[in-house]
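Engineer: Sequence plus the predicted model coming up.
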Amino acid sequence: MTAEDTYLHAVERMLHGIAPEHRATVLDDLRGHFADAEEAGRPIEETIRALGAPQEIADRAREEFEQRTPGRRSPGRSSPGACCRVRPWCWRS
């Protein structure tokens with residue numbers, strides 16, 4: 001298993017509870033970033049560092065997609081607008 005596979009698998013596990021179509025969106029976006037990085041000759045480790053920890057990805061995805069679905073906010077999540085902190089490479093672009 002490659003470092004990319006390990007990373008994507010970890011993100012996928014952290015995305016439990018998110019609708020399958022949203023999980024697919026996030027994972028497809030991440031795969032695109034890995035492909036772009038490979039094409040540009042960037043090391044996989046650098047790409048993973050730039051993307052952030054799997055839990056960070058899952059937390060941002062949960063915040064983003066819960067805000068898009070009225071009435072589906074989890075207790076303890078940050079207020080509306082928190083998704084604005086999402087990195088520019090994220091699935092919102």
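Structural biologist: Ah, there it is. Numbering: from 1, shown residues only.
Engineer: after the longest helix along the chain, next one along is what?
Structural biologist: In the chain, with assignment by DSSP state H, the single longest helix is helix 20-40. Proceeding N to C from helix 20-40, the next assigned helix or strand is helix 44-51, under DSSP states H and E.
Engineer: What is the worst-scoring helix or strand of the chain on mean pLDDT packed up against?
Structural biologist: Least confident helix or strand of the chain, by mean pLDDT, DSSP states H and E, is helix 54-68 with a mean of 89. Under the contact criterion of 3 or more C-beta pairs under 8 Å, 6 or more residues apart in numbering; DSSP states H and E, helix 54-68 touches helix 3-14, helix 20-40. For every residue, glycine as well, the C-beta is placed using N, CA and C.
Engineer: about what we covered before: now do the longest helix of the chain against helix 44-51: the angle between them, please.
Structural biologist: Computed by axes from the mean of the first three to the mean of the last three C-alpha atoms, to 10 degrees, the angle separating helix 20-40 from helix 44-51 equals 130 degrees.
Engineer: Next, count neighbours for G52.
Structural biologist: Using other C-beta atoms under 10 Å, G52 is surrounded by 15 other residues.
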